[in-house]
Structure formats: structure tokens, C-alpha cells
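1. Give me a model of this one.
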Amino acid sequence: MDLRQVACIAQKELRDRLRNRWVLAVALVFTVFALVIAFFGGAQQGAVGLRSIEFTITSLVSLVIYLLPLIALLLGFDAIVGERERGSLDLLLALPVTRLEVLLGKYLGLAAALTLSTVVGFGLVAVVLARNATRAGLEAYAGFMGSSVLLGLAFLSLAVMLSVLARDRTRASGLAIALWFFFVLVFDLLLLGLLVASGGESGAAAFPYLLLLNPADVFRVLNIFSLDDVRTLYGLTSIVPAALAKPWLMALVMFGWIAAPLGIATWRFRP
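-> Take a look at the predicted model:
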């Protein structure tokens, strides 16, 4: 594998997203939503304005779980199948470049665009929050931004996998939406149903480990234990054992969610 070929394809993908203002648009979406949550997140309790950074992180976690996976899936679902339908994939593969270089180059370019928009969008909010935040709070917010990037990359890997497996863009887009619906909305309901059906006995021991099967839940657990106040605001601290409450362990699980779909996509994309 020639890393220069991979970098060239990645730069092309990133330039395309910068040229069509995709990065700017997504960064603005993150900034606007994050600022609205930071200023008006406590409106139901009769409080408007900047509150503690712990409260802001808690609210932003819920926003990111719904919004970022959808953006990542929509960004990457046609990375390969779209090129195939337009006929440009055959032309690209006719050049002195391997399929692995094409796949990794496209993923890294899209990953760079998604990472840039996420860091810029939430980074602008960090500038606003920095005036009233402690050092521990800013470190927790930096951890939140890093985990958000990992969540986006995990769902981008899933999107690229779907793009390799799907026969056309229509099926790829449908599968992407179904995947978002399952991981973000249905998965936790199934776990809760399992917990209730088992009477809270046999299912309670396996419940925290089943959360690892969903990158959105891994992201949630990763941020729950960033600060003491965040643990209090969430109700999962009594369910998740201390063995899983380690940020480095959850980060490794998230890296696994990034690598596994890419590995499947690489295997299926072979000639």
C-alpha cells in the first residue's frame, strides 16, 4: 500500500467537502445547537443563560447522540456505491491505485472533514464557556469533544461499510437511516425490554456489557464518568460497574467500532 496514494485521495475528498461548504455548514449546525443548549437548556427549570459546564456537557451528550451519527451516516453512505453508480469507480481503479488505497483514502478524507467540522463547531462554544468554567470543567469538555469525534468516526465506518455492501445508492441510504434508527432509538428500548422481561435479575448483570454493542451507548458511558456532577445528572451510574467506568477502556471499545466495520468493508471490497 502506497501511503502517498492514500493521502492524495484523502486530500481530494477533503477539498470537495471544503469546496461545497459542507464542513462550514455542519460546523455552524453544531455551534448553533450547542449555544442554544448552553444558554436555554435550563429554561424548563426557569433559568436562562450560561450554567455549569457539567450541565452543558450533559445536555450536549444527548444532542450529539442524535445528530452526529446521522450526519456521519449521510456523509459516508455513498462513498463507494455512489462512485460505482456514476461510473467513476471503474475509472479510478483503472489508475495505478489499489482498492485498499481507494477505500482508506476516501474514509480518511471524509473522516478529516467530519473531525474538522466537529472540532470547529464545538470549539467555538468552548471559547464562550471558558469564561465561567474551571480547569477540570474545560478538561471534561475537551474529553467530550474527543469522544464526539470518535463517535462520528465509528458511524462513518459503518456508513462506508454499508456503501461497500449495498448495490445502489437507494438501498445504501435506506440502510443508513435504518442503522441510525436502530442504534439511536431502538437498541436501548430493546435492552430495557429485556431487563423488564427478565425481572431485573438475569438481565441486570449483562445489561452494562450489552451497552458495548452500541457505539452511541459507549459514547454516553464515556461522558457520564467525566465529572462527578455529570454522574449525578445521569441515572446509569448505579447500573454501569466500575470496571467499565474507565475512559481509556471505553475509548478502546470505540476504536474497535471504528476498525471493525472498516475491516469488513476492506474484505468485501477486494476484487
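
2. Tell me the secondary structure at A79.
-> Taken by DSSP: H, G, I helix; E, B strand; the rest coil, the conformation at A79 corresponds to coil.

3. Okay, helices next: where are they in the stretch 101-250 of the chain?
-> Counting by DSSP state H, counting those that start in this stretch, one finds helices in the stretch 101-250 of the chain at the ranges 135-165, 169-181, 187-197, 202-210, 215-224, 228-233, 247-268.

4. So for L18, which of those helices sits nearest?
-> Ranking the helices of the stretch 101-250 of the chain by distance to L18, with C-beta to C-beta as the measure, places helix 135-165 first at 16.9 Å. Glycine gets a C-beta too; all of them are placed from N, C-alpha and C.

5. orientation of the closest one relative to helix 169-181 in degrees?
-> Between helix 135-165 and helix 169-181, the angle comes out at 150 degrees (axes from the mean of the first three to the mean of the last three C-alpha atoms, to 10 degrees).

6. Just send the helices of the stretch 101-250 of the chain back as CSV, with distance to R15, mean neighbour count and mean pLDDT too.
-> Compiled in CSV, the helices of the stretch 101-250 of the chain are given as follows (distance: least, C-beta to C-beta, whole Å; neighbours: other C-beta atoms under 10 Å; pLDDT from 0 to 100):
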stretch, distance to R15, mean neighbour count, mean pLDDT
helix 135-165, 18, 22, 89
helix 169-181, 22, 17, 91
helix 187-197, 36, 14, 80
helix 202-210, 41, 14, 69
helix 215-224, 28, 24, 86
helix 228-233, 38, 16, 54
helix 247-268, 22, 16, 90
